[in-house]
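Student: all I have is the shape, not the residue letters:
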């Protein structure tokens, strides 16, 4: 199994993975493995970089969603591994309390499978997200086996998504594809381009500049062979 080794992960966990400041704190257990944590961090990093100019969404990982009709922390709560809420204020939160967020539930949810949670993610949580949360897009991914599936809510029922020719699944809510790249679940643009991390984008720009400089130097050398001063052109 191939995993990317050159992704530059931050030394500290992003604020949304810890407990960002609200009235109820998140109450989620530790993530199963380091791969689970790194996968969540990668998705958060890429989406926030891609949408860095947007202020109308909230994305978080391993954060509790409280949805009790009685507004109680002790009942009706669930913590998806990764979720996105659209048309909301982009600010830090300790947890997501539906009753304080205009009744909004996530538009997109991803669960990262493990041996101990796979059945729950595929059955109990899927039914919850379908029937109670009414979350339009639900995905799951296993970082070890690379099992990957996605569903879209159609007439109140989750319908499985069909992969495109690249093996990617379309998220209508995010307007992005999701697919596996070097062992990691990544976002892809509608045209199929990998959504980079800030570090990957900076490296790509550096390589492009070096390539352009190399081409200019070769052209200048050729002109000098022809007794033409490139500085006079």
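Tutor: The structure has been received and is ready for your questions. What you see is a predicted model, and the numbers here were worked out from it, not measured in a lab.

Student: please make it C-alpha for all contacts and neighbour counts, starting now.
Tutor: Noted.

Student: tell me the buried residues in the longest helix along the chain?
Tutor: Longest helix of the chain, by residue count under DSSP state H: helix 198-225. By 16 or more other CA atoms under 10 Å, the buried positions in helix 198-225 come out as residue 220.

Student: average model confidence for that helix?
Tutor: Helix 198-225 shows an average pLDDT of 78 in the prediction.

Student: element containing the residue nearest the centre of the chain?
Tutor: Most central in the chain under CA atoms, centre = their mean is residue 43, positioned 2.8 Å from the mean C-alpha point. Under the criterion of DSSP states H and E, residue 43 resides in helix 34-50.

Student: with residue 185 instead?
Tutor: Using DSSP H and E, residue 185 sits in strand 184-188.

Student: picking up where we left off before, isn't the residue nearest to the centre of the chain right up against residue 186?
Tutor: Yes - using CA atoms under 8 Å, residue 43 makes contact with residue 186 at a distance of 6.7 Å.

Student: could I get the full set of helices for the protein?
Tutor: Assigned by DSSP H, the helices in the chain fall at 34-50, 118-122, 124-128, 198-225.

Student: thinking again about what came up before, quick one, what contacts the residue nearest to the centre of the chain?
Tutor: 185, 186, 187 (CA atoms under 8 Å, 6 or more residues apart in numbering).

Student: let me see the confidence value for it.
Tutor: 97.

Student: same question, residue 53
Tutor: The model reports residue 53 with a pLDDT of 97.

Student: how far away is it from residue 200?
Tutor: Here residue 53 is placed at a distance of 18 Å from residue 200 (CA to CA, to the nearest Å).

Student: quick revisit: make TSV out of the helices of the chain and add distance to residue 78.
Tutor: Converted to TSV, the helices of the chain look like this (distance: least, CA to CA, whole Å):
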stretch	distance to residue 78
helix 34-50	17
helix 118-122	11
helix 124-128	9
helix 198-225	31
